[in-house]
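**Q** give me coordinates for this.
(2 chains, ligands or ions: 2)
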Amino acid sequence: MSIVDAGSAPAVAEDSVARPRRTVDRVLAGNAWMVFAFLYLPILVLIVLSFNDNDRVGVWTEASLRWYGEMFQHSRIMGALRTSIVVAVLSTAVSTVLGTAAALSLERFRYKSQRAFDGLLYLPVIIPDITMAVMLLLFFVQAFDIVLLVTGVGMSRGLGTITLAHIAFNISFVALVVRARLSGLDSSLEEAAADLYASRWLAFRRVTLPLIAPGVAGGALLALTLSLDDVVIAEFVSGAGTTTLPVFVFGALRRGISPLINAVSVLMLVGSILLVVGSLAISRRRTGG
Amino acid sequence: MSEMTEVTTTGQTAAPAPTETPAVSLHAVTKRFPGGKGSEPVVAVDHIDLGIIDGEFFSLLGPSGCGKTTTLRMIAGFEYPSAGSIRIFDEEVGLKPPNKRPVNTVFQSYALFPHMTVAQNIAFGLEMKDVGRDEIQRRVAEVIDLVQLEGRENRKPKQLSGGQQQRVALARALVNRPKVLLLDEPLGALDLKLRQAMQIELKQMQEKVGITFVYVTHDQEEALTMSDRIAVMDSGNLLQVGSPEEIYDHPRTRFVADFIGETNLLEATVVDRRTAELGDGTPVRLDSDAATGTAVTLAVRPEKLGLVRADAERNHDLDAVHGTVDRVTFMGNAIAYHVTIEGGRIPFGIEIRQGNAPGIEHFAVGDEVRVRWAPSSASVLED
Ligand SMILES: Nc1ncnc2c1ncn2[C@@H]1O[C@H](COP(=O)(O)OP(=O)(O)O)[C@@H](O)[C@H]1O
Ligand SMILES: [Mg+2]
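**A** Ligands and ions are numbered 1, 2, ... in the order given. Model (predicted):
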């Protein structure tokens, strides 16, 4: 996730104008520009080319919305987009609830084999995507075989398996973020709530949850981003008919770059920017007021 | 404890004086915490019996780590006893969760809900008990008046000073009209001036609302000034329970004598049932059924000792010992003398404190003096 420090507009001291510029200053300034160019030029190129009215990516003819039009007509792209959104929303919702519950259980309760659970919970964060993908694929294949054997019902991979896979890794990330917030929370607040006749549930709803809400929201946002971002795991566990947008783009690229992909990429870019702006707005409302 | 439980049937009396109904009673309560890997469990509270009378201001006093907080938390329900029984107004609560107990707590850190205003914090307990809106408003206003927080109802805890937060914590507990209010070093975070002012205020408030206060502190002065009764604790044990006067004037153990105020510990040997001999052979009166030859320790407070010239006329009502002034400390409101007693195998010292009032003779280093005291001022310690 990007962390943007809002309050740090570079303030140039008045007297620096009069002072002769030292070489170090120039080098640093040049470096800053280069970094910016390196990061944003490709994006700029992508955006510009997505408006290019030509079948070949590299040949500029004239500006048009042709590829955007085609994109919205393209049933496979629209299907993949819908899959992406459904998977992201579902897996975020489920993993936010389960991840928060896992964080609570690790921070607020003591039970046997807690340490083992603690370590295992964070495994999906550290193991490589590709390992996770292979694991999940094997799991689904085996599970479906058993289901077929026992009940005679044949199941296939698709929206359901992608969603389950995303839930599986997102729980860890949500738990990680929520736990950080929870460990900073004075546990005597929950005791105070219980002391004031609140049941466990009411103490959670009225005191704990409002106080960890920024952590929960942060975890949910991270889950949403990770789900929309994922190519490797979705590629493995998706079925013949269903793919997510990143998987579609990846597949399309292997068949050759088409300007249509530029338009899809810009669409995803706009989506990400909206997410970041939205999260900033939320966090500002929370801290400001 | 049994003699207290018998009185519960007498019912409500008109007088606000404390009845003999135990508000809280602990019977053989032990709390063990699991120790670290492979180590012994920590015994935080060791088999204590305690009866707290309805309406009294009761303090648990002891050094840090002696188990005061653990005892209080078991009464509140945040910890469950490993053994023993806890009763609140004759109802066994030992294993009940905190929200099912008729007590409220003022936390050391206040534990105010940071996302709620002062009024919302105070109303929380009433809301949880499903009290009607109008009544909540009325009672919150009433208690805000009691703790003098008018005009700050809509502030968040962060916008209040430490003293004000403390009042909110108090109001949030008192508004529920608990049968027992538990306070864990509630003044610990305040500076000295404010703390002293709050001590008086808390005591007055307790008398006004008539609720039993169980007050945890490690500050002996605080306990002495505020309490009706004090229980002195050390490493999980209850050493002595009594009024501030009893605890101060008649400590039963070395620890209590030493922990509360300053004290002189005089080693003596029992001669007969009414006399003992100090180290230098001076006979002193005492009341003990110990056998002849037994070593005992007498505790005498520095301010209970008088100082006269060695050649002054003897007062046979007082015990006295001969010595030499070897240190004089001027303290403003008092003068402290250190007198060395020689003549025995081991010389020993006595601290004397005399008020700085007109007419009291002053002494200098090297003066030959007699230190004297009423026999009733000396307590025979049990250890
Ligand atoms: N949750 C706990 N786990 C383990 N040991 C504890 C716990 N709470 C208290 N103790 C131990 O119990 C003893 C008494 O603690 P406490 O009641 O907090 O003392 P006090 O309030 O008198 O300072 C201490 O030795 C402390 O380390
Ligand atoms: Mg304590």
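**Q** surely residue B:53 meets residue B:89?
**A** No: if you go by C-beta atoms under 8 Å, residue B:53 and residue B:89 don't touch, sitting 11.6 Å apart. Yep, even glycine has a C-beta here, placed from its N, CA and C like the rest.
**Q** neighbour count winner among those two?
**A** Neighbours were tallied for residue B:53 and for residue B:89 using other C-beta atoms under 10 Å in any protein chain shown; the higher tally belongs to residue B:53 (19 against 16).
**Q** now do the shared contacts for residue B:53 and residue B:89.
**A** With contacts taken as C-beta atoms under 8 Å, 6 or more residues apart in numbering or on different chains, residue B:53 and residue B:89 have B:21-23 as neighbours in common.
**Q** what about stretch B:284-294, how long is it end to end?
**A** 14 Å (C-alpha to C-alpha, to the nearest Å).
**Q** list the buried residues in that stretch.
**A** Of the residues in stretch B:284-294, B:284, B:286, B:288 count as buried by neighbour count, 16 or more other C-beta atoms under 10 Å in any protein chain shown.
**Q** list the contacts of that stretch.
**A** For stretch B:284-294, contacts defined as C-beta under 8 Å, 6+ apart pick out B:266, B:268-278, B:296, B:298, B:319, B:321, B:375, B:378, B:380.
**Q** what do you get if the cut-off is 6 Å, keeping everything else the same?
**A** B:270, B:276, B:319, B:375, B:380 (C-beta atoms under 6 Å, 6 or more residues apart in numbering or on different chains).
**Q** swap in stretch B:108-116?
**A** Around stretch B:108-116, the neighbours that count as contacts under C-beta under 6 Å, 6+ apart are A:188-189, A:192, A:207, A:210, B:121, B:157, B:165, B:168-169, B:184-185, B:188.
**Q** next, see if it gets close to ligand 1.
**A** No: judged by C-beta under 6 Å from any ligand atom, stretch B:108-116 makes no contact with ligand 1; its nearest approach is 9.1 Å.
**Q** can you dump the C-alpha coordinates of that stretch into CSV?
**A** The C-alpha coordinates for stretch B:108-116 follow below in CSV (Å, rounded to 0.1, in the frame of the first residue of the first chain):
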residue,chain,number,x,y,z
GLN,B,108,-5.6,3.5,37.8
SER,B,109,-5.2,4.5,34.2
TYR,B,110,-8.8,5.7,34.3
ALA,B,111,-9.6,3.6,31.2
LEU,B,112,-12.0,6.2,29.8
PHE,B,113,-13.4,5.4,26.4
PRO,B,114,-11.5,7.8,24.1
HIS,B,115,-14.1,7.8,21.3
MET,B,116,-16.9,8.9,23.6
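**Q** low-confidence ranges in the chain?
**A** No chain in the question, so chain A it is. Within chain A, the segments meeting pLDDT under 70 span A:1-21, A:285-289.
**Q** that's the other chain; I wanted chain B
**A** Within chain B, the segments meeting pLDDT under 70 span B:1-20.
**Q** chain A contacts on that one?
**A** Contact residues, chain B versus chain A (C-beta under 6 Å from any C-beta of the partner chain): B:78, B:98-99, B:104-105, B:107, B:109, B:111, B:113, B:115, B:124-125, B:128-129.
**Q** how is chain B divided into domains?
**A** According to automatic domain parsing, chain B comprises the domains B:24-255, B:264-380.
**Q** where do the strands of the stretch 151-300 of chain B begin and end?
**A** B:180-184, B:212-217, B:229-234, B:237-242, B:264-272, B:275-278, B:283-285, B:295-300 (DSSP state E, counting those that start in this stretch).
**Q** possible to save those strands as a markdown table with distance to ligand 1?
**A** Shown next, in a markdown table, are these (distance: least, C-beta to the nearest ligand atom, whole Å):
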| stretch | distance to ligand 1 |
| --- | --- |
| strand B:180-184 | 7 |
| strand B:212-217 | 6 |
| strand B:229-234 | 7 |
| strand B:237-242 | 12 |
| strand B:264-272 | 24 |
| strand B:275-278 | 35 |
| strand B:283-285 | 36 |
| strand B:295-300 | 24 |
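**Q** quick one, which of the ones you listed gets closest to residue B:32.
**A** Residue B:32 sits nearest to strand B:237-242 of all the strands of the stretch 151-300 of chain B, at 14.1 Å, using C-beta to C-beta.
**Q** and residue B:326, what are its phi and psi?
**A** phi -120, psi 0 (degrees, to the nearest 10).
**Q** which residues touch the closest residue to it other than its chain neighbours?
**A** Spatial nearest neighbour of residue B:326, chain neighbours left out: residue B:340 (5.0 Å); criterion: C-beta to C-beta, 6 or more residues apart in numbering or on different chains. Applying C-beta under 6 Å, 6+ apart, we find residue B:340 in contact with B:323-324, B:326, B:347, B:349.
**Q** next: residue B:329.
**A** By C-beta under 6 Å, 6+ apart, the contact set of residue B:329 is residue B:336.
**Q** how far off strand B:295-300 does the host helix or strand of it point, in degrees?
**A** Of the helices and strands defined by DSSP states H and E, residue B:329 is found in strand B:319-330. For strand B:319-330 against strand B:295-300, the angle by axes from the mean of the first three to the mean of the last three C-alpha atoms, to 10 degrees is 50 degrees.
**Q** how about the residues of chain B that lie near ligand 1?
**A** Contact residues (C-beta under 6 Å from any ligand atom) of chain B with ligand 1: B:33, B:42, B:44, B:62, B:64-70.
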